[in-house]
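>>> pasting the sequence and the predicted model now:
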Amino acid sequence: MSVLKIENLSASYRKNKVLYDVNFDIQPGSLTGIVGPNGSGKSTLLKVMLELHPKLTGKVKFFNSSLSKTKTRVGYVPQRGSVDWDFPTNALDVVLMGLYGKIGWFKWPARKDKERAMESLSKMGMADYADRQISQLSGGQQQRVFLARALVQDADLYLMDEPLVGVDAATEAAIMATLKELKMAGKTVMVVHHDLLTVEEYFDHVMLLNRTIIKYGKTEEVFTKENVQKAYGGVLRWMKEA
């Protein structure tokens with residue numbers, strides 16, 4: 001069964017169409033990089049699928065059903081820049097927010113919930129910062145906390161919007177190790193990614209996007225000079241020539 005199926009999806013900002021005729025079918029257990037130039041609709045694609053931005057046309061199916069019926073199976077990590085990091089809360093509370101879909105917004109987290117949240121923080125190397133205000137964390141630490149929040153959901157599908165932007169090398173390595181562990185556990189992960197030099201190392205599938213799908217499939221088949229240049233308008237130097 002498909003984890004995520006998109007048919008004839010289109011979307012716009014005001015009168016500017018940013019996505020059109022988007023079609024793809026994601027199978028379980030894959031780690032996909034969503035790659036394309038700035039303004040190609042990568043972040044918008046995630047937001048439209050998650051009903052955070054309206055679509056013009058098309059169908060979105062999660063596990064052959066609607067998002068409303070499957071939302072507990074879907075984890076989302078937004079761009080760090082879109083989050084209000086001055087909100088007065090600590091790292092542990094941020095991670096606990098990932099459990100509200102299961103424990104309810106108007107119930108106090110139980111001891112087992114806090115233990116699960118601490119386990120997720122520990123996995124991301126952030127247990128010692130559980131009581132730290134998120135505004136006092138570095139960019140890389142904030143991203144680790146946000147990933148811990150997604151992990152605690154124990155979702156089947158994870159959608160992540162540029163989780164590697166602005167983080168140090170150690171955090172990038174820790175995040176990618178976690179994503180590959182999720183894949184090995186049978187989870188499905190889709191990541192908006194900007195660094196073409198690491199696509200082949202990081203992802204087993206790649207989606208080349210420039211307002212529509214240029215090509216999607218296994219990385220070794222899709223991530224070619226011709227396809228990448230087509231996605232970037234033919235002006236990109238092929239990195240393997242360097």
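That came through, no problem. Residues are numbered from 1 along each chain as shown.
>>> the closest residue to Lys218 other than its chain neighbours: how many residues sit nearby?
Among residues not flanking Lys218 along the chain, His205 sits closest, at 5.9 Å (CB to CB, 6 or more residues apart in numbering). Just so you know, the C-beta spots here come from the backbone N, C-alpha and C atoms, and that holds for glycine as well. Neighbourhood size, His205 [other CB atoms under 10 Å]: 22.
>>> go ahead and confirm His205 touches Pro28.
No. Using CB atoms under 8 Å, His205 is not in contact with Pro28; the gap is 11.8 Å.
>>> who does the strand or helix carrying Leu9 touch, helix- and strand-wise?
Secondary structure assignment for Leu9, by DSSP states H and E: strand 4-13. In terms of contacts (3 or more CB pairs under 8 Å, 6 or more residues apart in numbering; DSSP states H and E), strand 4-13 is packed against strand 16-26, helix 42-49, strand 57-62.
>>> quick check: buried residues in the longest one?
By neighbour count, and taking 16 or more other CB atoms under 10 Å as the criterion, the buried residues in strand 16-26 are 18-20, 22, 24, 26.
>>> that strand pairs with which strands?
Here strand 16-26 is paired, per DSSP bridges, with strand 4-13 (antiparallel).
>>> what residue lies at the spatial centre of the chain?
What sits nearest the mean C-alpha location of the chain, by CA atoms, centre = their mean, is Met160, with 1.0 Å.
>>> what's the spacing between the residue lying closest to it once chain neighbours are set aside and Glu51?
Leaving aside its sequence neighbours, Met160 sits nearest to Val77 (CB to CB, 6+ apart; 4.2 Å). To Glu51, Val77 is 17 Å away according to CB to CB, to the nearest Å.
>>> neighbour count winner among these two?
Val77 (22 against 13).
>>> how about that one, what does it touch?
146-147, 149-150, 158-161, 163 (CB atoms under 8 Å, 6 or more residues apart in numbering).
>>> quick check, pLDDT for the residue nearest to Glu7 when sequence neighbours are not counted.
Closest residue to Glu7 apart from its sequence neighbours, by CB to CB, 6+ apart: Lys59 at 4.5 Å. According to the prediction, Lys59 has pLDDT 96.
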